[in-house]
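A.B. asks: I'd like to go over a predicted model; first the sequence, then the structure.
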Number of protein chains: 2
Amino acid sequence: MDYKIKSRIWIENKDNVLLGEGRVTLLKAIEETGSLSKAAKSLNLSYKKAWHLMDSVNKSAKKPVTINSIGGKGGGGTTLTDYGKSLITAFDTINKNCWEFLDHQLKQFKDL
Amino acid sequence: MDYKIKSRIWIENKDNVLLGEGRVTLLKAIEETGSLSKAAKSLNLSYKKAWHLMDSVNKSAKKPVTINSIGGKGGGGTTLTDYGKSLITAFDTINKNCWEFLDHQLKQFKDL
DNA sequence: TTGTGTTATATCCCAAAAGATATAACGCAA
DNA sequence: TTGCGTTATATCTTTTGGGATATAACACAA
């Protein structure tokens, strides 16, 4: 018996996607690097894609998730708001709980 | 508070996908129509795509999921094995349980 | 004033996914 | 023997998503 069960969860706000796995890992990388471009590099994804993701996140969130600054010392940067950080932890717990729940449910495939 | 949580689950067997939502709805349509081509039409998807899906399902399953016949009265057809039917119900219950579980978990987003 | 490293955005190009089309094999019925 | 409606494939075309590239705006530091 070696069937595996996998899942993807995401949060929507009036049919715009707010959070998914990719967006959350991007948020974490931003938190670590303090910059969208550095976060993109560290995750091996194009700046364009990262920017579009964050644009979508910020548009569908009810409060600002990041603070973006252009120019200045270091050229600018992107940091998370407290709201953004709380989104990460909320998503992570739900996701982890979901995995555990599904692993438990998988027993229904035991005899198949 | 109108965030919605959505999910997709699927079952894999040694990194081949066995079942997902699309595959299960296809199996159901086959059960109803008795034919892969009719099932594809009823779901508005090309025969090619439907055939590839079923090919992948049967290759990654441990027992046959469908019985396919070519030629004969009506030209042939595809019917589900008992194993195939049990896969559907197992997947559906897990999926439904997952939705309920996640709706419950969504409360973690209540104050955000 | 110039250089630097960001954010922000548009445009072009390619590859991969999906769709459309064509064709063979098959077995029953007429 | 012919026609029919399937399953089973191959091939060609179209569409779409993503990557690469280019450029502007910005604000601080030197």
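C.D. replies: Perfect, thanks for sending it. Residues are numbered from 1 along each chain as shown, chains lettered A, B, ... in the order given.
A.B. asks: tell me the pLDDT at the closest residue to DNA strand D within chain A?
C.D. replies: At 2.3 Å from DNA strand D, residue A:71 is the closest residue in chain A, using CB to the nearest atom of the strand. (Glycine included, C-beta is placed from N, CA and C.) Predicted confidence (pLDDT) for residue A:71: 93.
A.B. asks: would you mind measuring from it to DNA strand C?
C.D. replies: 4 Å (CB to the nearest atom of the strand, to the nearest Å).
A.B. asks: now that residue: phi and psi?
C.D. replies: Main-chain torsions, residue A:71, degrees, to the nearest 10: phi 80, psi 180.
A.B. asks: give me the neighbour count for it.
C.D. replies: Neighbourhood size, residue A:71 [other CB atoms under 10 Å in any protein chain shown]: 7.
A.B. asks: residues in contact with it?
C.D. replies: If you count contacts by CB atoms under 8 Å, 6 or more residues apart in numbering or on different chains, residue A:71 has none.
A.B. asks: how close does it get to residue A:37?
C.D. replies: 14 Å (CB to CB, to the nearest Å).
A.B. asks: next one: residue A:61
C.D. replies: 21 Å.
A.B. asks: same question, residue A:102
C.D. replies: Distance from residue A:102 to residue A:37, by CB to CB: 36 Å.
A.B. asks: list, one by one, the residues from chain A near chain B.
C.D. replies: A:2-14, A:18, A:62, A:83, A:86-87, A:90, A:93-94, A:97-98, A:101-102, A:105-106, A:108-109, A:112 (CB under 8 Å from any CB of the partner chain).
A.B. asks: need the helices for chain A, in chain order.
C.D. replies: A:21-33, A:36-42, A:47-60, A:82-105 (DSSP state H).
A.B. asks: how distant is stretch A:85-101 from the center of its chain?
C.D. replies: Mean-position distance between stretch A:85-101 and its chain equals 11 Å (CA atoms, centre = their mean, to the nearest Å).
A.B. asks: stretch A:89-106 too?
C.D. replies: Worked out by CA atoms, centre = their mean, stretch A:89-106 lies 15 Å from the chain centre.
A.B. asks: before we move on, what about stretch A:61-73?
C.D. replies: That offset, for stretch A:61-73, works out to 16 Å (CA atoms, centre = their mean).
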